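**Q** Could you work out the structure for the sequence below:
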Amino acid sequence: MNNQSRWENQRDIDCSEHNQPKCEKFPDCSCNECHETHLEHGDFNKFCSVCSDEKCQECNGAGWIRKAVGESYDSPEWDEFDCEKCGGSGRVKEK
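**A** Numbers count the residues shown, from 1 in each chain. This next block holds a predicted model:
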């Protein structure tokens with residue numbers, strides 16, 4: 001049994017324990033159940049409109065930005081900094 005199968009089986013168990021149906025489009029949906037799972041796993045689901053809206057455009061969801069910090073003779077030196085727009089989370093919530 002692979003990781004995906006175990007994960008899907010666990011979702012079935014969780015849904016039956018809470019006496020609720022599993023989303024038919026899980027996890028490729030933007031309903032609350034699916035989006036909470038996207039947040040738990042820290043991924044941006046390409047089918048989820050909420051993930052698309054929350055993805056920081058400044059860092060493209062990475063949470064960090066690579067910037068030149070100095071110039072050497074041959075090339076600039078680079079360092080990684082937390083994205084200021086999303087605070088390093090990769091997600092920007094609309095207010």
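**Q** Tell me how many other residues crowd S52.
**A** 13 (other Cβ atoms under 10 Å). All C-beta atoms are positioned from the backbone trio N, CA, C, and that covers glycine.
**Q** Quick check: it touching H35?
**A** No - taking Cβ atoms under 8 Å as the definition, S52 is not a contact partner of H35, at 11.0 Å.
**Q** For C48, see how far away the spatially closest residue to R91 that is not a sequence neighbour is.
**A** Excluding its sequence neighbours, the residue lying closest to R91 (Cβ to Cβ, 6 or more residues apart in numbering) is E54, at 4.4 Å. Computed as Cβ to Cβ, to the nearest Å, the E54 to C48 distance reads 9 Å.
**Q** Next: E58.
**A** Separation of E58 from C48 (Cβ to Cβ) stands at 20 Å.
**Q** Neighbour count: those two, which is higher?
**A** Between E58 and C48, counting by other Cβ under 10 Å, C48 is the more crowded of the two (22 against 13).
**Q** Just give the number of residues close to the residue lying closest to the more buried one once chain neighbours are set aside.
**A** Spatial nearest neighbour of C48, chain neighbours left out: S30 (4.4 Å); criterion: Cβ to Cβ, 6+ apart. For S30, the neighbour count with other Cβ under 10 Å is 16.
**Q** Quick one: residues contacting S30.
**A** S30 sits next to 47-51 when contact means Cβ atoms under 8 Å, 6 or more residues apart in numbering.
**Q** Mind checking which of those residues land in helices?
**A** Using DSSP state H, the subset of the contacts of S30 located in helices is 49-51.
**Q** can you list the domains in this protein?
**A** Per automatic domain parsing, the structural domains of the chain span 3-55, 64-90.
**Q** ok, which stretches of the protein are helices?
**A** 3-17, 32-41, 49-54.
**Q** Adding mean pLDDT, write those helices out as a markdown table.
**A** What follows is the helices of the chain, written out as a markdown table (pLDDT from 0 to 100):
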| stretch | mean pLDDT |
| --- | --- |
| helix 3-17 | 68 |
| helix 32-41 | 88 |
| helix 49-54 | 94 |
